[in-house]
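Novice: Got a predicted structure plus its sequence, pasted below:
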Amino acid sequence: MANRAAELFARCFGHPPRWVVAAPGRVNLIGEHTDYNDGFVLPMAIERHIVIAGDTNAKREVTLHSVTTGETARFSVQPKVERGEPGWSNYVRGVIAGFQQHGKKVAAFDAVIESSLPYGGGLASSAALEVAVATLLEGMTGQTLDPIEKALLCQQAEHDFAGVPCGIMDQFTSILGREDHALLLDCRSRTTTPVAMTNPDVTVLIINTNIRHKLAESEYAKRRARCETAARVLKVTALRDATLEMLDAARGQMEPVVYRRARHVISEDERTLQAARAIQASDWAAVGQLMYASHASLRDDYEVSCPELDTVVEIAQGIGEAGGIIGCRMTGGGFGGCAVSLVKTEAVQRIMRGLDAAYERKTGTQARIFSSRPAAGACILKSN
Ligand code: GLA
């Protein structure tokens, strides 16, 4: 990919790029919709990336060419970057604006953007784009950001320029991802505990439903607002500080929907901590049960699943332990996108064929299924 991006850059701009950077997407094993509640998540970076080949130019204008969409975006960086079209360029604009707000002078540049991440497929392609741009700007300005500061800057870009009030999980994972490890991230203290995923008998499968329901972004903001309401009623800073007992005691003071949203978040935090311990203890049966329970909670209490994701999980449950499936759940924001499954490595091929055929039969849509090992975070592949 890096070579392809560099070649394309040379064809578009007439000289080789001085920088090539890569940032991975992520899959979340468990801990969904907990990050913006100061809670726990257990994601890993995956072997799918956004790669950018770039170089500064002597103009005032940034030129970006996206291989995925075939579009070219042009915009000025002075006096400051504004939102604009095409939509995906806002992730880039937002990160440049973040650098400028940090008092860093960003020169105009040319770039080619390549991706092996499905765009909008629930594997954090937007966070990977933000992190790749931040990594490119670190290279170009010669100033490396502290990783947490970098993640927050990218998250702010998403809030301000894409209008999505996302948590910190995606940007964090794309930056701090570690080969062969999932990351148990405490979203309040922003500390990570690496959780080894080195057992060769267990494989992570990602099942892309190839469905994206329009609701995703507006519903995300609504979920976040309900959680804040619940925290206010419970008089805690964030749902991370609440227990199920506290929630039950206050049940009469909140709408039933607020109660259910909070029940998901509070129970999901507990499941996430348990899953990290179970992986460390190689108690795969427990990990599987926690994944299924997480899915049920997201489907029934948090209501962010959809028929296609439920279908994948039902098929996986049908194949079950006897067929080599440890656990399965939706992953990411929901309303389409991907499911994640832990499976026995010896059964991978058979499971992929089984899931593929059953999903197409039941939904009329073709899924895309692939495996990934936990990957390292963003890096500069080439400089000068
Ligand atoms: C999206 C957001 C994350 C997180 C997940 C749900 O991916 O970007 O911050 O909230 O949804 O867990």
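Specialist: Alright, I've got the coordinates.

Novice: can we go C-alpha only for contacts and neighbour counts from here?
Specialist: Noted.

Novice: For the stretch 1-150 of the chain, which residues are neighbours of the ligand?
Specialist: Residues of the stretch 1-150 of the chain found near the ligand, taking C-alpha under 6 Å from any ligand atom as the criterion, are 32, 33, 35.

Novice: Run through the residues that contact the second one.
Specialist: It refers to residue 33. 265, 333 (C-alpha atoms under 8 Å, 6 or more residues apart in numbering).

Novice: quick one: the strands in this structure?
Specialist: Assigned by DSSP state E, the strands in the chain fall at 19-28, 40-41, 43-56, 61-66, 72-76, 109-115, 181-186, 191-196, 202-212, 325-331, 336-344, 368-371, 379-383.

Novice: Show the end-to-end separation of stretch 275-287, please.
Specialist: 5 Å (C-alpha to C-alpha, to the nearest Å).

Novice: oh, I was asking about stretch 271-290
Specialist: Using C-alpha to C-alpha, the end-to-end distance of stretch 271-290 comes to 6 Å.

Novice: most distant residue from the middle of the protein?
Specialist: In the chain, the residue that sits farthest from the middle, by C-alpha atoms, centre = their mean, is residue 252; the gap is 35.2 Å.

Novice: is the helix ranked longest in the chain anywhere near the ligand?
Specialist: Ranked by residue count under DSSP state H, the longest helix found in the chain is helix 256-280. No. No part of helix 256-280 sits near the ligand under the criterion C-alpha under 6 Å from any ligand atom; the closest distance found is 10.0 Å.

Novice: average pLDDT for that helix?
Specialist: Across helix 256-280, the average pLDDT comes to 98.

Novice: How about the contacts made by residue 153?
Specialist: So residue 153 contacts 95, 98, 99 (C-alpha under 8 Å, 6+ apart).

Novice: Just to check, the second one is in contact with residue 157?
Specialist: The reference is to residue 98. Yes. Using C-alpha atoms under 8 Å, residue 98 is in contact with residue 157, at 6.7 Å.

Novice: one step back: measure how the longest helix of the chain sits relative to strand 181-186, angle-wise.
Specialist: 140 degrees (axes from the mean of the first three to the mean of the last three C-alpha atoms, to 10 degrees).

Novice: so how far is helix 256-280 off the chain centroid?
Specialist: Remark: helix 256-280 is offset 18 Å from the chain centroid, using C-alpha atoms, centre = their mean, to the nearest Å.

Novice: what would the strands of the chain look like in a markdown table with mean neighbour count and mean pLDDT?
Specialist: Formatted as a markdown table, those follow (neighbours: other C-alpha atoms under 10 Å; pLDDT from 0 to 100):
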| stretch | mean neighbour count | mean pLDDT |
| --- | --- | --- |
| strand 19-28 | 30 | 98 |
| strand 40-41 | 30 | 98 |
| strand 43-56 | 28 | 98 |
| strand 61-66 | 19 | 97 |
| strand 72-76 | 16 | 97 |
| strand 109-115 | 24 | 98 |
| strand 181-186 | 25 | 98 |
| strand 191-196 | 16 | 97 |
| strand 202-212 | 22 | 96 |
| strand 325-331 | 30 | 98 |
| strand 336-344 | 26 | 97 |
| strand 368-371 | 16 | 98 |
| strand 379-383 | 16 | 95 |
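
Novice: Kindly reformat these as a markdown table containing distance to residue 227.
Specialist: Formatted as a markdown table, the strands of the chain follow (distance: least, C-alpha to C-alpha, whole Å):
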| stretch | distance to residue 227 |
| --- | --- |
| strand 19-28 | 20 |
| strand 40-41 | 15 |
| strand 43-56 | 21 |
| strand 61-66 | 36 |
| strand 72-76 | 37 |
| strand 109-115 | 34 |
| strand 181-186 | 18 |
| strand 191-196 | 22 |
| strand 202-212 | 24 |
| strand 325-331 | 19 |
| strand 336-344 | 22 |
| strand 368-371 | 33 |
| strand 379-383 | 35 |
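
Novice: right, and these - which one's nearest residue 265?
Specialist: strand 40-41 (9.8 Å; C-alpha to C-alpha).

Novice: Nothing else from me, thank you.
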